[in-house]
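Asks: 3D model of this:
(one chain, ligands or ions: 1)
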Amino acid sequence: MTFKELGLSEAILKAVSKKGYTNPSPIQEKAIPLVLQGKDVLASAQTGTGKTAGFTLPMLHNLAAHNKWKRRPIRALVLTPTRELAAQVYENVREYSEYLDIRSTVIFGGVNAKPQMRTLREGVDILVATPGRLLDLENQNALSLGKVEILVLDEADRMLDMGFLRDIKKVLSLVPREKQTLLFSATFSKEIKELANNIMFRPVLVEAEPENSTAEKVIQRAIRVDKGKKNELLIKLISEGNWKQVLIFTRTKHGANRLCEKLKKAGISAAAIHGNKSQNARTKALEGFKKNSIRVLVATDIAARGLDIPLLPHVVNYELPNIPADYVHRIGRTGRAGASGEALSLVCAEERDYLRDIEKLLGEKIVTEILEGFELTESLAISKPASRQQGGGRGNSRNSGGGNKKKSSGNRNTSNATNSGRNRSRTSRSSNSNSKNSNRR
Ligand code: AMP
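Replies: This next block holds a predicted model:
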């Protein structure tokens, strides 16, 4: 299947070819014809699958083909949960519409609203926005949503997780009843289904192949290590492995700051990105990371949601997330668009239950290893209430591994820190679990 066969206009094909895409991804093959037909589409797809082009290309095609307006009202609204994702989607919209008479802009909080208001006054066809700033500017009459023909809810599950349901409902009350609605979500919780039922008209369900080539390229690896040794191990892995671009996840904002400082002290350039950082600091950190002037980006789940950093080779879970679905989102930062990548988790004694929950969600075991010089000494009994570690002797229970039997006999199974080729597991990134909000992120 080619983009041309999907029925997209020449101007769009030209932009797509300029981006270097040769063939549509599976989600694009499925979603593009439906969106072109004007259908409501409920798509299960994560970042990394090419979903942005999946909705943007046909949206642009239809908007350009049916333009009856002299002044430009907002005809398409794309809502995203985070500022970074909004900026990214906008960047895509801009690139894909390069050869069309379509204007677009992006608005999000944390930065001066005045320039945003100026651009809106000049008229845009497509607005990409985070909910808060959108409603804020609507309140100030800086924009009107009364002519919206297409509404896209991107990463809808994360929007609900972040408590945007009320805002979404408010937005829905401001757009026309008759419109095309496209809802993208990595997971399909009860809440998402309910939302879809309420706001969509006979939606067609589209799923990205769970076993698509992109997902297959993520290699998962877990290393069991004492909590107090994580910094040392991480610094060793980054330095000796000569890792050039690493996205690291921590559970808390403080944890992200602390780790960032430790890495910098070890001579590894790093920046943190989380909700307590100003938008300018976040943008600067992300830009530095993408340009390779910063080697490590330390992020919390919410801040990193939806980040698209092409060819990101390493994602590290410095701490495992307590919400299993977040693991899926995190590892989705690597192995994007057919590139291969490695997702590494550092698992200390008290995180073993998290690992087990993640494995349950994935429906597969993640093989764990213990590295030479980092043998376990911390006892689970010290760091966790006894009730959660039945049957787990010192660091040897649930070490998940079909392939690594030796470990169960007292964690003597070690391998070299730089020997990253062993004990790996592949997975698809599909997930069906609900995510819950976590205030600390
Ligand atoms: P997304 O899932 O929309 O965040 O896209 C993930 C990455 O895949 C982005 O860097 C896109 O530029 C890239 N991409 C999207 N569609 C294609 C395609 N058909 N072929 C190759 N790369 C693509």
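Asks: the helices in the stretch 201-350 of the chain, which residues?
Replies: Along the stretch 201-350 of the chain, counting by DSSP state H, counting those that start in this stretch, helices occupy 213-216, 230-240, 253-265, 279-290, 301-304, 324-331.
Asks: Format those as CSV; extra columns: mean neighbour count, distance to A129 and mean pLDDT.
Replies: C-beta: built from backbone N, CA, C; applies to glycine. Below are those laid out as CSV (neighbours: other Cβ atoms under 10 Å; distance: least, Cβ to Cβ, whole Å; pLDDT from 0 to 100):
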stretch, mean neighbour count, distance to A129, mean pLDDT
helix 213-216, 19, 27, 42
helix 230-240, 18, 36, 95
helix 253-265, 18, 24, 95
helix 279-290, 17, 14, 89
helix 301-304, 24, 17, 73
helix 324-331, 26, 21, 83
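Asks: Quick one: closest of the ones you listed to the ligand.
Replies: helix 213-216 (7.9 Å; Cβ to the nearest ligand atom).
Asks: on that earlier part again, using a markdown table, lay out the helices of the stretch 201-350 of the chain together with distance to the ligand.
Replies: What follows is the helices of the stretch 201-350 of the chain, written out as a markdown table (distance: least, Cβ to the nearest ligand atom, whole Å):
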| stretch | distance to the ligand |
| --- | --- |
| helix 213-216 | 8 |
| helix 230-240 | 24 |
| helix 253-265 | 23 |
| helix 279-290 | 11 |
| helix 301-304 | 13 |
| helix 324-331 | 12 |
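Asks: mind checking which of these is nearest F374?
Replies: helix 230-240 (5.3 Å; Cβ to Cβ).
Asks: for the closest one, packing partners?
Replies: helix 253-265, strand 341-347 (3 or more Cβ pairs under 8 Å, 6 or more residues apart in numbering; DSSP states H and E).
Asks: Need the residues that contact the longest one.
Replies: Looking back up the chat, that one is helix 253-265. Applying Cβ atoms under 8 Å, 6 or more residues apart in numbering, the external contacts of helix 253-265 come out as 231, 234-235, 238, 248, 250, 269-276, 296, 298-300, 318-319, 440-441.
Asks: Please spell out the ChimeraX selection for the buried subset of these.
Replies: Taking 16 or more other Cβ atoms under 10 Å as the burial criterion, the selection of buried members of these in ChimeraX is written as:
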select :231,234,235,238,248,250,270,271,272,273,274,296,298,299,300,318,319,440,441
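Asks: Filter the contacts of helix 253-265 down to just the ones in strands.
Replies: Those of these mapping onto strands are I248, A270, A271, A272, I273, V296, V298, A299, per DSSP state E.
Asks: and of those residues, the nearest to the ligand?
Replies: A299 (16.3 Å).
Asks: leaving aside the residues next to it on the chain, what's closest to that closest one?
Replies: I273 (4.6 Å; Cβ to Cβ, 6 or more residues apart in numbering).
Asks: what sits against L42?
Replies: Here L42 is in contact with L183, S185, A196, M200, P203, V204, L205, V206 (criterion: Cβ under 8 Å, 6+ apart).
Asks: Which ones among those residues lie within strands?
Replies: Using DSSP E, the contacts of L42 in strands are L183, S185, V204, L205, V206.
Asks: Just the pLDDT at the last one, thanks.
Replies: It refers to V206. Listed pLDDT for V206 reads 89.
Asks: Compute the number of surrounding residues for it.
Replies: Residues contacting V206 under the criterion other Cβ atoms under 10 Å number 23.
Asks: how near is S144 to H274?
Replies: Distance of S144 to H274, given as Cβ to Cβ, to the nearest Å: 34 Å.
Asks: can you confirm I168 is in a helix?
Replies: Yes: looking at I168 with DSSP: H, G, I helix; E, B strand; the rest coil, it is inside a helix.
Asks: Now do the contacts for it.
Replies: I168 touches L79, P131, L153, M159, L195, counting by Cβ under 8 Å, 6+ apart.
Asks: Quick check, the first one in contact with V152.
Replies: Okay, so that is L79. Yes: L79 is within contact range of V152, at 6.9 Å (criterion: Cβ atoms under 8 Å).
Asks: Next, I358: secondary structure please.
Replies: Quick answer, by three-state DSSP: I358 is helix.
Asks: what sits against it?
Replies: I358 touches L320, P324, Y327, I366, counting by Cβ under 8 Å, 6+ apart.
Asks: Next: R103.
Replies: R72, E122, G123, V124, D125, I126.
Asks: Return the distance of it relative to V111.
Replies: 20 Å.
Asks: Next, count neighbours for the residue nearest to Y96 when sequence neighbours are not counted.
Replies: The spatial neighbour of Y96 that comes closest, neighbours along the chain excluded (Cβ to Cβ, 6+ apart), is A15 at 4.9 Å. Counted with other Cβ under 10 Å, residues neighbouring A15 total 22.
Asks: A15: which element?
Replies: Here A15, judged by DSSP states H and E, is contained in helix 10-19.
Asks: which other helices and strands contact that helix?
Replies: Secondary elements touching helix 10-19 (3+ Cβ pairs under 8 Å, 6+ apart): helix 51-65, helix 83-96.
Asks: is the ligand contacted by the last one?
Replies: I take that to be helix 83-96. No: for a cut-off given as Cβ under 6 Å from any ligand atom, helix 83-96 has no contacts with the ligand; the smallest distance is 6.8 Å.
Asks: Please list the residues outside that helix that contact it.
Replies: 12, 15-16, 18-19, 47, 52-53, 56-57, 60, 78, 80, 104-110, 126, 128-130, 154-155, 279, 282-283, 286, 303-308.
Asks: Nothing else from me, thank you.
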